[in-house]
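coordinates for the following, if possible.
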Amino acid sequence: FMVTRNNKTFDAMVLQPKDKMLCAFVLYDDEDIVLASTQGYMVRYAGDAISEIGTRAKGVKAMNLSAGDTVAYGCSVKEGANAILVTTQTNQFKRIRLSEAGRMNRPAKGELLAKRVKSNPQNVVYIASVGSYDLLRLTQDKENWIAVKEIPIMAKDATFGQGSKGNDLYILKGIEEIRILEIPVKPLDEGKEHLHDVEMLSFDLE
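Model (predicted):
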């Protein structure tokens, strides 16, 4: 939706009882969206599969869920990403090659992104599209940050790997950085092009 007034807060969407907002992110042109469920199902859709709707609409169905399953997290496939990082409730990780996450038609149940082990069930709590040189920030302390390339790339039928920093840390999700864009505007003088300045904003949540 398009925001026409920015001098006061407004409702972005209508939530049903017991519903909650899991995450929010910017989806740019030609980007895909990836969603994962708590039980480990993953879907990938083209961005244009989600149509523009009004600010108070309920939205469209994202996934077909099994009984007891819920949507865990979502992300956009950002420029330069080559894998999907998956994290569980016990801080176990894995990366899945982006090429293994094929596009689907919405809504779909998806496919399992990891082998389910009944004796040690892992629930997905976070996903992100990552490049080889990205950092995974665990708390505000930089000593607890790890390079994404240290997290092994695994097949979808493999289980998760143990994190090198232990299980007592949390992922610092923050607010994603906004991309710099140059927006052409109608020239004031014929033959000249003028551009609006767009500033990059980045925030961290403590």
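
I'd say Val132 and Gly80 touch.
In this structure residue 132 is Ser, not Val. No: at 9.0 Å, Ser132 and Gly80 do not qualify as touching, with contact defined as C-beta atoms under 8 Å. Where C-beta positions appear, they are placed from N, C-alpha and C, glycine not excepted.

look up phi and psi at the most centrally placed residue in the chain.
The residue lying closest to the centre of the chain (C-alpha atoms, centre = their mean) is Cys75, at 1.4 Å. When read as degrees, to the nearest 10, the backbone of Cys75 gives phi -160, psi 160.

so how far is Gly54 from the closest residue to Asp134 other than its chain neighbours?
Leaving aside its sequence neighbours, Asp134 sits nearest to Val148 (C-beta to C-beta, 6 or more residues apart in numbering; 4.4 Å). Distance, Val148 to Gly54, by C-beta to C-beta, to the nearest Å: 37 Å.

these two - which one has more neighbours?
Using other C-beta atoms under 10 Å, the more surrounded residue of Val148 and Gly54 is Val148, with 18 against 9.

and that one, what does it touch?
Ala83, Leu85, Arg95, Val130, Gly131, Ser132, Tyr133, Asp134, Leu135, Leu136 (C-beta atoms under 8 Å, 6 or more residues apart in numbering).

then Ala81?
Leu98, Ser129, Val130, Gly131.

from those, list the buried ones, please.
Neighbour-count burial (16 or more other C-beta atoms under 10 Å) applied to those gives Leu98, Ser129, Val130.

ok, so of those, who is nearest Lys18?
Ranked by distance to Lys18 (C-beta to C-beta), the buried ones among the contacts of Ala81 are led by Ser129 at 28.8 Å.

helix or strand for that closest one, which one?
Using DSSP states H and E, the element containing Ser129 is strand 124-130.

how about residues contacting that strand?
34, 36-40, 42, 72-78, 81-89, 95, 98, 113, 136, 148, 171, 173.

narrow the residues you listed to those in strands?
When these are checked against strands (DSSP state E), the matches are 34, 36-37, 42, 72-76, 83-88, 95, 136.

Lys115: how many residues sit nearby?
As a burial measure, Lys115 scores 14 neighbours (other C-beta under 10 Å).

again, but for Ser76
By other C-beta under 10 Å, neighbour count at Ser76 equals 18.

what segments of this protein are strands?
Assigned by DSSP E, the chain shows strands spanning 32-37, 41-46, 71-76, 83-88, 92-97, 111-112, 124-130, 135-136, 146-147, 161-162, 183-185, 194-196.

for those strands, which one sits closest to Ile153?
When the strands of the chain are compared (using C-beta to C-beta), the closest one is strand 92-97, at 4.6 Å.

so for the residue lying closest to Gln92 once chain neighbours are set aside, what's the pLDDT?
Distances taken as C-beta to C-beta, 6+ apart place Phe160 nearest to Gln92, at 3.7 Å, with adjacent residues excluded. Note for Phe160: predicted pLDDT of 88.
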